[in-house]
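Enquirer: Model the structure of this input:
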Amino acid sequence: MERQSTGIEWNELLPILLGYPSDSLHATLVMRGDGDSDVRYEVWRQGRKLRVEKDGSPDYICDGETTWSFEEATGVQGSDGRPVASDARKAVYCGPAQGLCAPRRSSDWQGSDFTTPEGPVTVEEFQGRDCWTVALKAPPRKAGPLRMWVDRDSGYPLGEVNESSEAGDYGRWFESPEIGIPLDDSLFTWDGPSLTQSERHELIAKELEVLRKTGVEWFVDNIMSGSLTASAIVDIAPQDIGRRDGGGFLARSEGAYYSMTRRGGEAAVGDDGDHDAIVRWSTAGYDWAFRFENPHVICDDAVRDELGRRFGGQG
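Expert: Numbers count the residues shown, from 1 in each chain. From the prediction side, this is the model:
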């Protein structure tokens, strides 16, 4: 069908794309190109409420105040099928077809990543609906343009297809959308058990700790057990020198800071926390300090003796 011109301009369509239509929507989501075409998604929308099902099971639910993400809990040991609950004001939908299932953020329309129209907004039928359509310019090093369709009655984006032959047949659209039909509020709520983000992070941390311990145990049983250290050379050749009163200095190298300060003077190298290893000693008139910027340097007697042999006679 030939595209017809319309009185709407791009700067009038953009606020519609940023909004949450009040009408209801129910449709099957078709994904073509880089998605998994064998997966069946079904979508319900109304205002800020959203439900996305994947192969008949809930994947994401939002009642406008709380989100429940089943995808975030996928693969997390101990989640036991519980979704991750979050504050809807702080959560961003990151599931399939983000631009169709939720409005793009205003910041997403800045820059050049399919944000600028290549031509005028026109009108044509899409999936049985009267729609505005516009082609968006591709950014550098991406194929394009990306054509999108927006339902004129409701304001819902209904589809997007990359028109370039180099885009791998990419497309997302709602098939046979039903708009303005009654939807039960129970679609947008979850009354089963759920996880908080903190609980999810704790489960992931526990799983990583188990993997770490398992790896260490394998190493001890199969490679080597007991204490295991190795000597290494640290380059302490100064790259920067700061002279100090009384003949002292503060030096910086790739791996360390070190100083010589007249006895009783203010320390030039301090303790900067748990991530540094400090060695200190004194000569006749000066205090010495080395701070290695590596918590894994073992400052034992051998390190102190080596530094003392190199610098102990100075001052």
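Enquirer: alpha carbons only for contacts and neighbour counts from here, please
Expert: Will do.
Enquirer: how about the helices in the stretch 51-200 of the chain?
Expert: Using DSSP state H, counting those that start in this stretch, the helices found in the stretch 51-200 of the chain span residues 98-101, 197-222.
Enquirer: Dump the helix or strand hosting residue 288 to PDB, keeping only the CA atoms.
Expert: Element membership for residue 288 (DSSP states H and E) is strand 286-292. Extracted in PDB, the C-alpha atoms of strand 286-292 (Å, rounded to 0.1, in the frame of the first residue of the first chain):
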ATOM      1  CA  TYR A 286      66.800   9.200  58.800                       C
ATOM      2  CA  ASP A 287      63.600   7.100  58.700                       C
ATOM      3  CA  TRP A 288      62.800   5.100  55.600                       C
ATOM      4  CA  ALA A 289      59.500   3.900  54.300                       C
ATOM      5  CA  PHE A 290      58.400   1.800  51.300                       C
ATOM      6  CA  ARG A 291      54.800   1.500  50.300                       C
ATOM      7  CA  PHE A 292      54.200  -1.200  47.700                       C
END
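Enquirer: how near is residue 146 to residue 171?
Expert: Here residue 146 is placed at a distance of 9 Å from residue 171 (CA to CA, to the nearest Å).
Enquirer: and what of residue 164?
Expert: For residue 164, the distance to residue 171 (CA to CA) stands at 11 Å.
Enquirer: re the thing from before, which residues sit against the helix or strand that the strand holding residue 288 is followed by?
Expert: Counting by DSSP H and E, the element after strand 286-292 in chain order, helix or strand, is helix 301-311. Residues outside helix 301-311 that contact it (CA atoms under 8 Å, 6 or more residues apart in numbering): 279-281.
Enquirer: and of these, the nearest to residue 297?
Expert: residue 279 (10.5 Å; CA to CA).
Enquirer: didn't the closest one look like it was pressed against residue 293?
Expert: No: if you go by CA atoms under 8 Å, residue 279 and residue 293 don't touch, sitting 11.7 Å apart.
Enquirer: Pull out the buried positions in stretch 289-296.
Expert: 289-293 (16 or more other CA atoms under 10 Å).
Enquirer: Just to check, residue 179 is in contact with residue 23?
Expert: Yes: with contacts counted by CA under 8 Å, residue 179 reaches residue 23, the gap being 6.7 Å.
Enquirer: Looking at those two, which is more packed in?
Expert: The residue with more neighbours, out of residue 179 and residue 23 and counting by other CA atoms under 10 Å, is residue 179; that gives 19 against 16.
Enquirer: How about the contacts made by the more buried one?
Expert: Neighbours of residue 179 in contact, by CA under 8 Å, 6+ apart: 23-26, 154.
Enquirer: Next one: residue 234 from residue 257, what distance?
Expert: As for residue 234, its distance to residue 257 is 12 Å (criterion: CA to CA).
Enquirer: What of residue 109?
Expert: Distance, residue 109 to residue 257, by CA to CA: 47 Å.
Enquirer: quick one: contacts of stretch 45-65?
Expert: By CA under 8 Å, 6+ apart, stretch 45-65 touches 20-26, 39-44, 67-71, 87-89, 95, 101, 187-190.
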